[in-house]
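Novice: below are the sequence and a predicted model for it; my questions follow.
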Amino acid sequence: MMRQKTIIQVIFLSLSMSILTGCKEKTINPEDGIPLFKDFIEENIDKVANDSYISSTVKPDDEMYDLMLMLQRGDWSQTTWDEMDSLMKKGVENAKILYARTKIDEIYKRSEATAILTELMRKGNPYAIYWLSNKSNLCLSYLSSEHFGNKVAKELGLDTSYENKYCTEQIYQKAVEGFKKLAAQGDLHAQYFLLKDQGLDKSVEKREEYIKEVIRFAEAHYYKPMMDYTSSLRKQSKKGRVFSTEKLKNLSLNLFRVASNNYYIPAMSKLVYYERDNTVLFDRLKKSGGRNYFWAMAFDRSNELTNRDKYCHAVLFEKIYKDTDFYGFDSDWPKKGDYDESICETDKEISKMKPMIYIDYFTRIDNWGRG
């Protein structure tokens, strides 16, 4: 009898475990997406674009191009502010939003910056609305009554009437409605915003639909969704973030190659880490104005440079990025006064470049110059 009871208990336990296993929440298996990219990669892996600006957020004939290039390069010289001011006086809303985003953290400029965004919100600009919503790091960080800077502003007698008026879900939903209108007009950035708002990138059930959308964006040479996707294939390790499996690494490298063929700086910057002997890739990254070209040459191919080359390398970097980091990069690198800059033909080098813009109007300020 005892034995029969024990058998029944074992059967019941087994059934219970089976039910629990069956009810276990499904998780994404990243390798399931690999076959979905097969045709896209095969069709594009060997195609190199003739247009150096094919994947650029804005093109050189766009009124925002020069300003966005300066911001992307981390150039905060007076020239940048003059360009921004000129566009704002023309009524360019994107320039006004960028100005407000750069000034909202300054206690004496916060009221002005908020007023600019508020005016554009009333006009229905979804980007302005978004930056005043509860999903905006700017709003949560600077427009709350709990922010220490606002308490100081009150003590200084500054206007803090913006407190507790913003950072709401209602405002965010208003932004969503605005982006829906842009998306319907074919705006890929707005479409991707809505994809993430709907959680498609996190959904197990709609994983295939999400990947097909990533491919659709990439076919239109909008590679930010693809770069976000490859980032999700990495995991944290003692050596930093690494690809979860070798298969996912190979997939990502192929996707980087496709985007690199279309002059997309963030993909090229990733790829040079793995293909340090790829001269064509290095030249393409330089032509596109990628900051990582300079660092990759300095770290990985420094032995190919003469002292004169190293000096001119540093001069070119300084001219483009208004940054002197490369002088004294290593003990054997020339110092700033070791040569006459006229030997470098820097202007000629810059004239050969065709810089693409990889930042957009969603990009956080602390990410503007990372590509």
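Specialist: Received, thanks.
Novice: buried set for the host helix or strand of Arg308?
Specialist: Using DSSP states H and E, Arg308 falls within helix 307-321. Buried residues in helix 307-321, counted by 16 or more other Cβ atoms under 10 Å: Lys310, Tyr311, Cys312, His313, Ala314, Val315, Leu316, Phe317, Glu318, Ile320, Tyr321. Every C-beta, even on glycine, is put in place using the N, C-alpha and C of the backbone.
Novice: also stretch 203-218?
Specialist: In stretch 203-218, counting by 16+ other Cβ under 10 Å, buried: Lys206, Arg207, Tyr210, Ile211, Glu213, Val214, Ile215, Phe217, Ala218.
Novice: also stretch 360-371?
Specialist: Asp360, Tyr361, Thr363, Trp368, Gly371.
Novice: repeat for stretch 45-58
Specialist: Residues of stretch 45-58 classed as buried by neighbour count (16+ other Cβ under 10 Å): Ser52, Tyr53, Ser55, Ser56, Thr57, Val58.
Novice: quick check, the first one in contact with Gly289.
Specialist: Put plainly, it is Ser52. No - applying Cβ atoms under 8 Å as the test, Ser52 and Gly289 come out as separate, 9.7 Å apart.
Novice: and the next element down the chain from the least confident helix or strand in the chain by mean pLDDT?
Specialist: Lowest mean confidence among the helices and strands of the chain (mean pLDDT, DSSP states H and E): helix 2-22, at a mean of 50. Next helix or strand after helix 2-22 toward the C-terminus (DSSP H and E): helix 38-44.
Novice: tell me the contacts of the nearest residue to Lys249 once chain neighbours are set aside?
Specialist: Closest residue to Lys249 apart from its sequence neighbours, by Cβ to Cβ, 6 or more residues apart in numbering: Phe243 at 3.7 Å. Counting by Cβ atoms under 8 Å, 6 or more residues apart in numbering, Phe243 makes contact with Leu233, Arg234, Lys235, Lys249, Ser252.
Novice: got CSV for the buried residues of stretch 45-58, with pLDDT and secondary structure too?
Specialist: Putting those into CSV (pLDDT from 0 to 100; DSSP: H, G, I helix; E, B strand; the rest coil) gives the following:
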residue, pLDDT, secondary structure
Ser52, 97, coil
Tyr53, 98, coil
Ser55, 98, coil
Ser56, 98, coil
Thr57, 97, coil
Val58, 97, coil
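Novice: for Glu345, state which of those is nearest.
Specialist: Glu345 lies nearest to Ser52 out of the buried residues of stretch 45-58, by Cβ to Cβ, at 20.8 Å.
Novice: next up, phi/psi of the closest one, please.
Specialist: Ser52 has phi and psi values of phi -70, psi -20 when expressed as degrees, to the nearest 10.
Novice: ok, now which ones touch it?
Specialist: Here Ser52 is in contact with Tyr263, Lys287, Ser288, Lys354, Met356 (criterion: Cβ under 8 Å, 6+ apart).
Novice: skipping adjacent residues, who's closest to Lys352 in space?
Specialist: Counting by Cβ to Cβ, 6+ apart, the residue nearest Lys352 is Lys287, at 6.9 Å.
Novice: and that neighbour, how many neighbours does it have?
Specialist: A total of 16 residues lie near Lys287 under the criterion other Cβ atoms under 10 Å.
Novice: next: Ala298.
Specialist: 19.
Novice: helix/strand/coil for it?
Specialist: Put simply, Ala298 is helix when judged by DSSP: H, G, I helix; E, B strand; the rest coil.
Novice: so it touches Phe329, yeah?
Specialist: Yes - using Cβ under 8 Å, Ala298 makes contact with Phe329 at a distance of 5.5 Å.
Novice: overlap in contacts, Ser52 and Gly289.
Specialist: By Cβ under 8 Å, 6+ apart, the residues touching both Ser52 and Gly289 are Lys354, Met356.
Novice: now render the buried residues of helix 307-321 as TSV, adding pLDDT and distance to Lys181.
Specialist: Formatted as TSV, these follow (pLDDT from 0 to 100; distance: Cβ to Cβ, whole Å):
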residue	pLDDT	distance to Lys181
Lys310	93	52
Tyr311	94	53
Cys312	94	49
His313	93	47
Ala314	93	48
Val315	94	47
Leu316	94	43
Phe317	93	42
Glu318	92	44
Ile320	92	37
Tyr321	89	37
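Novice: list the contacts of Leu140.
Specialist: Asn134, Cys167.
Novice: ok, it to Phe179 distance?
Specialist: 20 Å (Cβ to Cβ, to the nearest Å).
Novice: before we move on, back to that, nearest to Lys109 among the contacts of Phe243?
Specialist: Nearest member of those to Lys109, counting by Cβ to Cβ, is Arg234, at 37.7 Å.
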